[in-house]
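Q: Mind looking at a prediction? Sequence and model below.
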Amino acid sequence: MAARPILRLGVLISGRGTNLQSIIDAIERGELNAIIALVISNRADAPGLARAQKSGIPTRVIDHRRFGSRAEFDGALVEALNAARVELVVCAGFMRLLSPVILNAFPNRIMNIHPSLLPAFPGLNAQKAALEHGARITGCSVFFVTPGVDDGPIIVQAAVPVMPDDDEHSLSDRILAQEHRIYPLAIRLFQEGRLEIAGRKVIIRDAPAPDENEALLNPPRTALDIPRSGRNN
Ligand code: GAR
């Protein structure tokens, strides 16, 4: 297969930018054939801006409060992203809803990451919601952004256990470690041209199938003393 050209990313942030950092690191390790053409923050005080600058990545602050409407703010985002010749928009802790202005400018070319196993716990404070619900397994999801909130076709998910003594911070940290693995992976699959959207589903070409007998149990099966399920047991 011919190598695909380097992918130009535009990363949108609002805060500390650890997912941005995981993408920077994956590129620097040679695991992702991409460059970050531009990082945009809607907040001037986002610590993620310094991460980008440290790696020599151009940054812009576009403060949503300067705009009269969501559409006008998104218009400014589109203008900046197009000027940087961005091909894939990556939302990484970007805490603004996207309007049709940007969705139509980048059809099927905007990704987001969310700290739950969607469609469970969409919206804000997903880790707290999982804890309060008493979920025993949660995780994170990378998906293509659509007009619905955290509702688009799912590209990659990772599951983690909720520990008996978890608080919001410890659970968020456990999920975040997986976010940093799956976001570069999802972007890589896109760069390699292996993602196809079919309705609600994302088809991944040439991906190894997961082990159908593999399951994360909580409590673990060792605590229950039950045999592993599956054909070979
Ligand atoms: C991440 O946990 C991400 O999943 C979440 O914000 C955090 C950003 O962290 N995003 C959402 O909740 C979106 N609904 P980061 O700035 O360190 O990447």
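A: Done, it's in.
Q: contacts, neighbours, all on C-alpha from now
A: OK.
Q: could you say which helix or strand contains the spatially most central residue of the chain?
A: The C-alpha lying nearest the average C-alpha coordinate of the chain belongs to residue 113 (CA atoms, centre = their mean; 2.3 Å). Counting by DSSP states H and E, the element that carries residue 113 is strand 110-114.
Q: what's in contact with that strand?
A: Contacts with strand 110-114, where a contact means CA atoms under 8 Å, 6 or more residues apart in numbering, come from 88-93, 103, 122, 126, 140-145, 150, 179, 183.
Q: Centre of the chain to that strand, how far?
A: How far strand 110-114 lies from its chain's middle: 4 Å, per CA atoms, centre = their mean, to the nearest Å.
Q: Partner strands of that strand and their direction?
A: When pairing is defined by DSSP bridges, strand 110-114 lines up against strand 88-91 (parallel), strand 137-144 (antiparallel).
Q: looking only at pLDDT, what's the mean for it?
A: For strand 110-114, mean pLDDT rounds to 98.
Q: mind exporting it as CSV, just the C-alpha atoms?
A: Output of strand 110-114 as CSV, limited to C-alpha atoms (Å, rounded to 0.1, in the frame of the first residue of the first chain):
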residue,chain,number,x,y,z
ILE,A,110,-13.7,16.4,13.4
MET,A,111,-12.9,14.1,16.2
ASN,A,112,-13.5,14.4,20.0
ILE,A,113,-12.6,12.4,23.1
HIS,A,114,-15.0,11.8,26.0
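Q: Is there contact, residue-wise, from it to the ligand?
A: Yes: Strand 110-114 comes into contact with the ligand (CA under 6 Å from any ligand atom), by way of 113-114.
Q: Same question for stretch 85-100.
A: Yes: counting by CA under 6 Å from any ligand atom, the ligand is contacted by stretch 85-100 at 92-93.
Q: circling back to that earlier point, what's the spacing between the residue nearest to the centre of the chain and residue 82?
A: 22 Å (CA to CA, to the nearest Å).
Q: ditto for residue 99
A: Residue 99 sits 17 Å away from residue 82 when distances are taken as CA to CA.
Q: likewise residue 174?
A: Applying CA to CA to residue 174 and residue 82 gives a distance of 35 Å.
Q: So which of these two has more stuff around it?
A: With neighbours defined as other CA atoms under 10 Å, residue 174 and residue 82 compare such that residue 174 has more, 18 against 14.
Q: show me what contacts the more buried one?
A: Residue 174 makes contact with residue 160, according to CA under 8 Å, 6+ apart.
Q: Just the pLDDT at it, thanks.
A: With respect to pLDDT, residue 174 has a value of 98.
Q: wait, residue 67 sits on residue 76?
A: No: in this structure, residue 67 is not within contact of residue 76 by CA atoms under 8 Å, at 9.1 Å.
Q: Between these two, tell me which one has more neighbours.
A: Neighbour tally, residue 67 and residue 76, criterion other CA under 10 Å: the higher count belongs to residue 76, 18 against 14.
Q: What is the three-state secondary structure of that one?
A: Classification of residue 76 using DSSP: H, G, I helix; E, B strand; the rest coil returns helix.
Q: so what's it up against?
A: Residue 76 sits next to residue 62 when contact means CA under 8 Å, 6+ apart.
Q: same thing with the one 10 residues further on?
A: Under the criterion of CA under 8 Å, 6+ apart, the contact list for residue 86 reads 8-10, 37-38.
Q: can you give me the helices in the protein?
A: Secondary structure of the chain (DSSP state H): helices at 18-28, 48-54, 70-83, 100-105, 126-133, 168-191, 221-224.
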